[in-house]
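Chemist: Pasting a predicted model and its sequence here:
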Amino acid sequence: MVDLVAKSPLSGLLPRSAGQVTLTEAAPAFISSIQARQGKSSALAKALQASHGLTLPEVGKVTAAADHRLLWFGTDQYLLIGATPAAPSLPEFAALTDQGDAWAVMHLVGAGAAEVLARYCPLDLRTERFGIGQTARAPLADMPAIITPIAQGFEIMVLQSLSRTAVHHLHQAMLSLAAQASLI
Amino acid sequence: MSRLTSGGQIDRTQPLRFSFDGKSLAGFKGDTLASALLANDIRLVGRSFKYHRPRGILSAGSEEPNALMQLGLGDQTTPNVRATTQELYEGLIAASQNRFPSLAFDLLSVNDLMAPFFGAGFYYKTFMWPKSFWEKVYEPFIRRAAGLGRLSGKADRALYDKAFAHCDLLVIGGGPAGLMAALTGARGGLDVILADEDFAFGGRLNSETVEIAGQPGAGWAAQVAAELAGMANVRLMPRTTVTGAYDGGTYAALQRVSHHLADPADHLPLETFWRIAARRTILAGGAIERPIAFANNDRPGVMMASAVRSYANRFAVLPGQRISLFTNNDDGHRTALDLLRLGADIATVVDTRSDVVAMGDYPLITGGQVTGTSGRLGLKSITVSRASGTLKVATDCLAVSGGWNPSVHLTCHMNGRPVWREDIAAFVPADNAIPGMRVAGAANGDFSTHAALSAGAEAAAEVLGDLGKTAPATVIPAAEDAPIRLEPFWHVTGSKGRAWLDLQNDVTTKDVALAHRENFRSVEHMKRYTTLGMATDQGKTSNVGGLAVMADLTQRSIPETGTTTFRPPYSPVALGALGAHGAGKDFAPSRYLPSDALARELGAHFIEMGVWYRPSLFPQPGETHWRQTCDREMRMVRSTVGITDITPFGKIDVQGADAAVLLDLVYANTMSSLKQGRVRYGVMLREDGMALDDGTCARLGEDHFVLTTTAGAASDVFAHLEFCTQVLRPELDVQFFSVTDQWAQFSIAGPRSRELVSGLCDEDISNERIPYMACAEVTIGGIGCRLFRISFSGERSYEIAIPARYGEALARELGQRAAALGGGWYGLEALNALRIEKGYLTHAEMTGQYTADALGIGGMVSAKKDCIGKVLSQRSALVGPGKMELIGLKPVSPLKQFSGGAFLFSQGARQVLGNEEGHVTSHCHSPSLDHVIAMAFLRDGRSRLGEHIIMKDNARGIEAVCEVCAMVHVDPDGERLHG
């Protein structure tokens, strides 16, 4: 039997740091897309509550349990992060796809993380506007991304094939802002 | 030295060396290049655009038309830097522009003698014939003779940055009004951004001797700026010019990050281009003093009165030994008082008004006009006319004040037209010209310090109210509240010599008169005819003067004459800043294959397909031409086994009870009849009947499909599906999600492909279990994979999809096993050529301009059901005689290569546009046939098999006779696919 070794799309690219900002890999064990079947949103909500202790997040929101989270992704679309969709009844109410290999997940953390992200992302990143419990699909330097506030920074998800470009841009901004921090 | 021994806001403990035109000079930190030049008694700083007239520093701000410098040396030199805004730093190298061989002796100043021939519109009239001379002779000459700085012609290596910012209140301008607005807003709890183009906050307070709350204005400004800097809800942005106002409270701003540094650190950008989204904005951009036009008013030494005060008060530089003033308002007198206090020698103050008295101990000429000047490279004297006669006054600096124009520019960026205010003889912003923007202070015509402070606080209080906050109790600090006393006076008439309006573009009052005479009387026509206001300063010191002259000529009022349109940017923005983050490879994101690292190890050549980097060739030692590699790779696939990474193909997971209903709607052929575990080739049409994309559809379960799309159309197809389910058939129970990046996918093709794949899979993949066009879930090394038996090469072929994290490992395994079987990797060149040999469509045919019928797959459009695009694909022009049909081409006699895009002509037809009957789309060399082949669209092509036709490519000079043939050149019966 062949022995295939898994490799992260961020392998060899991270961690990076400059100034007080660090960019690290934060690959969760599992990511799944969950899309409610026609007219089954509330049944899905109940099933997820029962199986994962999570309520369906509103638009632009995240609901979280101890080690897994549910991100709003689109109308009746969610990403379950950190756990596999456990309940056997779930497919009755939702279409599921495995997304665990599709995304590169990074944490941009530290004083000035928002300034780094603001180089490429038009979102209003002020904490009171975009804080923990929120999430957004937003462009990051012409790439589709999912930006989610976390403690002291942001979780950034990009398609795995774009990870090199994303790291390149974020690192450039980290270096640039570290240099600018020393200006009066 | 003209530097005063004390005073000013320069740091005398930090002396700096710099050079101008090769001469080493000294200045201080806190100087601008302009103030440092004046401190070194340098008055001649440049030559004018058209006539190469000697020019000096006019202003002390971003409105400067004259003092434009070439900064730095070599390939990173920057042209057209305004000396008046450039901060001095140690080792700064500046050079004057538009002169040869030197600033004091400029050969092209001969243009000035030719001025009668070079008036407005001269080149429209003069350089008319012969026609070809415009491009070959006249234009190059004019471009050489006229101009400002020069680019190096080398790539700009400087770093530029771009960023977004959001705030409740954006305050534009950090003078008394702006500081008060920012302070009030910030104390009221708003997120405030305060931007000012200067490096020090304070605006005119830094240049005037006014007091605020009993202390010098500049000190008060520094104190407020320090308070603001300490507030967490305030972002101070010095050196930042807000350059444009756009929809939705969005503003563009240019921050000069490191232009002021002698030795910028690595990674430091030169400039940052900001997009600021503000809920509310207060424009407190101040006002710009306007000149008075009189004969020869462009000599070095003629300056704005406000600039003279700036240099004297802020930079401790007297711009002349014996200074005179020409004014129509009280500001001229203020200048005299300031200069007296600093011990300067005042030659005279000329006031156009008759009813004024001197405010101090200086000579005053009332009811006077300056009618001329002398001094070729610098002012020596002025001629003053008054009721009692003409007088010549020796002076080396003339400070001019014609009143103030509020900086209305930003309020006009969304089509607002400024409003004339008779009492101050100036345009002020129209109300609500920009949604969400208030205007305060001098920008709104409130010129006194007290008025500016109150207006700033008041505007911020209104904003706080708007945003549901309570305005803090604000005490307006005590400051002067002098009334505006001004008698409009625009230009001196009746004297000899040219009176300059636009110093940067060399436009005089006579040019405006010429425009009027030739009936270019609308201000917009006058502007374009004379080029007034069209230079890099956008006429900040000349527009109003120009239209005042036109108003006189047409005997209309200034408001009747109207203004030209101010457009962004307020001041020049380097293209490098606009293009920040987009230089070189950063222009677009790059997507990499799971097997990318391996392909690089193997020395593959890469090609960009969309944003994907894909190997085009895997050259082997000894291969010197791409065709050798491509032919070898093709032979390898046809004889043993070849592998290639096809991850970029779009993959869309479709589920739901109505999944098959949706697929029957979007695919021209029927998918609902597809059996589980089977794959079908499909084509989608756009609503207009043209083919959108082709790909495969695999049925994994009763209600579960996976579609593949071509790499380039993945997002188009996804968007199309979203449109269909959200707009056309929202009632369908269908869910779909992109899984393109979830799966790494490889094609294994060739007679020995099964040998390779069966050794890998843990399951039986015999032909009985996995026949052609079957699919199945398999495991490889315990990893769940999907296996598809589909082919785009015409050979027995499998596609394996594996979770992307195992992509590289599987690629390595595949490569080793293929090598053991005499096979290996092949690239995109071979992939495409293999397709062409089989007559399979490529992106060159699937352009969105052809129907399924034209593509030769019309039979796939099901007769039994409707689908998107079916009706419109049957329009008469698309089905009648003469329609385009895809066919194959082969050469009649030996041909080196076909030519993509070459036209096809019938033999004997004249080879002119209109007679062409089709064109070549894809072509390649076929190693199987040992000659070149092509695919082409040809009118009624399918009924012309065997016909000889001319291929003609005028661009490449290729012409050949070819034979129309079937598209399938290899294994026409498809036997290799089965079994």
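Modeler: Cool, got the structure.
Chemist: quick one: contacts for the spatially most central residue of chain B?
Modeler: Centroid-nearest residue in chain B: residue B:578, 4.3 Å away (criterion: Cα atoms, centre = their mean). Residue B:578 sits next to residue B:273 when contact means Cβ atoms under 8 Å, 6 or more residues apart in numbering or on different chains. (Each C-beta comes from the backbone N, C-alpha and C, glycine too.)
Chemist: Can you give me the neighbour number for residue A:163?
Modeler: Neighbour count of residue A:163, defined by other Cβ atoms under 10 Å in any protein chain shown: 25.
Chemist: One more: residue B:363?
Modeler: When neighbours are defined as other Cβ under 10 Å, residue B:363 has 13 of them.
Chemist: Over to residue B:905?
Modeler: Per other Cβ under 10 Å, the neighbour tally for residue B:905 reads 19.
Chemist: same deal with residue B:149?
Modeler: Residue B:149 has 19 neighbouring residues, counting by other Cβ under 10 Å.
Chemist: Quick one: check stretch B:238-258 for contact with chain A.
Modeler: Yes: with Cβ under 8 Å from any Cβ of the partner chain as the measure, stretch B:238-258 is seen reaching chain A through B:257, B:258.
Chemist: Give me the below-cutoff pLDDT ranges for the chain.
Modeler: All of this refers to chain A. Scanning chain A for pLDDT under 70 picks out A:184.
Chemist: Switch to chain B, please.
Modeler: B:1, B:116-131, B:133-134, B:137-147.
Chemist: Look through it and report the residue furthest from the middle.
Modeler: Relative to the centre of chain B, and counting by Cα atoms, centre = their mean, the farthest-placed residue is residue B:768 at 59.5 Å.
Chemist: which phi and psi does that residue have?
Modeler: With angles defined as degrees, to the nearest 10, residue B:768 sits at phi -70, psi -40.
Chemist: now the residue most central in space within chain A: how far from residue A:147?
Modeler: Nearest to the geometric centre of chain A sits residue A:157, at 4.2 Å (Cα atoms, centre = their mean). Here residue A:157 is placed at a distance of 8 Å from residue A:147 (Cβ to Cβ, to the nearest Å).
Chemist: who's in contact with the biggest helix by length in chain A?
Modeler: Assignment by DSSP state H gives helix A:163-181 as the longest helix of chain A. Residues outside helix A:163-181 that contact it (Cβ under 8 Å, 6+ apart): A:9-10, A:13-14, A:16-21, A:23, A:104, A:106, A:108, A:112, A:115-117, A:119-120, A:140-141, A:143, A:145, A:156, A:158, B:159, B:161, B:257, B:265-269, B:581, B:586, B:589-592.
Chemist: hang on, the earlier thing: now the angle between helix A:163-181 and the helix or strand where the residue nearest to the centre of chain A lies, please.
Modeler: With secondary structure defined by DSSP states H and E, residue A:157 is part of strand A:153-159. Using axes from the mean of the first three to the mean of the last three Cα atoms, to 10 degrees, the direction of strand A:153-159 lies 150 degrees away from that of helix A:163-181.
Chemist: sorry, back to before: mind listing which of the contacts of helix A:163-181 are in strands?
Modeler: By the criterion of DSSP state E, membership of the contacts of helix A:163-181 in strands covers A:16-18, A:21, A:23, A:104, A:106, A:108, A:140, A:143, A:145, A:156, A:158, B:161, B:591-592.
Chemist: Enumerate every residue touching the residue lying closest to residue A:79 once chain neighbours are set aside.
Modeler: With Cβ to Cβ, 6 or more residues apart in numbering or on different chains as the criterion, residue A:79 has its nearest non-adjacent residue at 4.4 Å, and that residue is residue A:71. When contacts are counted by Cβ under 8 Å, 6+ apart, residue A:71 touches A:57, A:62, A:78, A:79, A:81, A:135, A:146, A:148.
Chemist: so residue A:71 sits in a strand?
Modeler: Yes: counting by DSSP: H, G, I helix; E, B strand; the rest coil, residue A:71 is part of a strand.
Chemist: are any of the contacts of helix A:163-181 buried, and which?
Modeler: Buried by 16 or more other Cβ atoms under 10 Å in any protein chain shown: A:9-10, A:13-14, A:16, A:18-19, A:21, A:23, A:104, A:106, A:108, A:112, A:115-117, A:119-120, A:140-141, A:143, A:145, A:156, A:158, B:159, B:161, B:257, B:267-269, B:581, B:586, B:589-592, out of the contacts of helix A:163-181.
Chemist: If residue B:325 is in a bridge, with which residues?
Modeler: residue B:349, residue B:399 (DSSP bridges).
Chemist: Now for it, how many residues are close by?
Modeler: Around residue B:325 there are 29 residues (other Cβ under 10 Å).
Chemist: how about it, what does it touch?
Modeler: By Cβ under 8 Å, 6+ apart, the contact set of residue B:325 is B:305, B:332-333, B:335-336, B:346, B:348-350, B:398-401.
Chemist: go again using 7 Å as the cut-off
Modeler: Residues near residue B:325 by Cβ atoms under 7 Å, 6 or more residues apart in numbering or on different chains: B:305, B:332, B:335, B:336, B:349, B:350, B:399.
Chemist: Could you list the residues of chain A in contact with chain B?
Modeler: A:1-8, A:33, A:35, A:37-38, A:95, A:97-99, A:101-102, A:118-122, A:124, A:126, A:141-143, A:159-162, A:164-165, A:169, A:175-176, A:179-180, A:182 (Cβ under 7 Å from any Cβ of the partner chain).
Chemist: if you set the cut-off to 6 Å instead, what comes out?
Modeler: By the rule Cβ under 6 Å from any Cβ of the partner chain, the part of chain A lying against chain B is A:1-7, A:33, A:35, A:37-38, A:95, A:97, A:99, A:101-102, A:118-119, A:122, A:124, A:142-143, A:159-162, A:164-165, A:175-176, A:179.
Chemist: could you flag which of those residues are buried?
Modeler: Burial by neighbour count, judged by 16+ other Cβ under 10 Å, picks out A:2, A:4, A:7, A:33, A:35, A:37, A:95, A:97, A:99, A:101-102, A:118-119, A:124, A:142-143, A:159-162, A:164-165, A:175-176, A:179 from the residues of chain A next to chain B.
Chemist: how close does the residue lying closest to residue A:29 once chain neighbours are set aside get to residue A:40?
Modeler: Nearest residue to residue A:29, sequence neighbours excluded (Cβ to Cβ, 6+ apart): residue A:82, at 6.5 Å. Using Cβ to Cβ, one gets 23 Å for the distance from residue A:82 to residue A:40.
Chemist: can you check residue A:30 too?
Modeler: Taken as Cβ to Cβ, the span from residue A:30 to residue A:40 is 22 Å.
Chemist: and chain B, which residues reach chain A?
Modeler: When proximity is defined as Cβ under 6 Å from any Cβ, chain B approaches chain A at B:161, B:163-164, B:166, B:265, B:267-269, B:589-592, B:653, B:655, B:733, B:735, B:737, B:739, B:741-742, B:781, B:783, B:803-806, B:808-810, B:813.
Chemist: Of the residues you listed, select the buried ones using a ChimeraX command.
Modeler: In ChimeraX, this line selects whichever of the residues of chain B next to chain A come out buried by 16+ other Cβ under 10 Å:
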select /B:161,163,164,166,267,268,269,589,590,591,592,653,655,733,735,737,739,741,742,781,783,803,804,805,806,808,809,810,813
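Chemist: Could I get the contacting residues of residue B:892?
Modeler: Counting by Cβ atoms under 6 Å, 6 or more residues apart in numbering or on different chains, residue B:892 touches B:961, B:963.
Chemist: With residue B:607 instead?
Modeler: Neighbour list for residue B:607: B:614, B:616, B:828 [criterion: Cβ under 6 Å, 6+ apart].
Chemist: Pretty sure the last one sits against residue B:614.
Modeler: Looking back up the chat, that one is residue B:828. Yes: using Cβ atoms under 6 Å, residue B:828 is in contact with residue B:614, at 5.3 Å.
Chemist: So those two - more neighbours on which side?
Modeler: A direct count of neighbours by other Cβ under 10 Å for residue B:828 and residue B:614 places residue B:614 higher, at 25 against 20.
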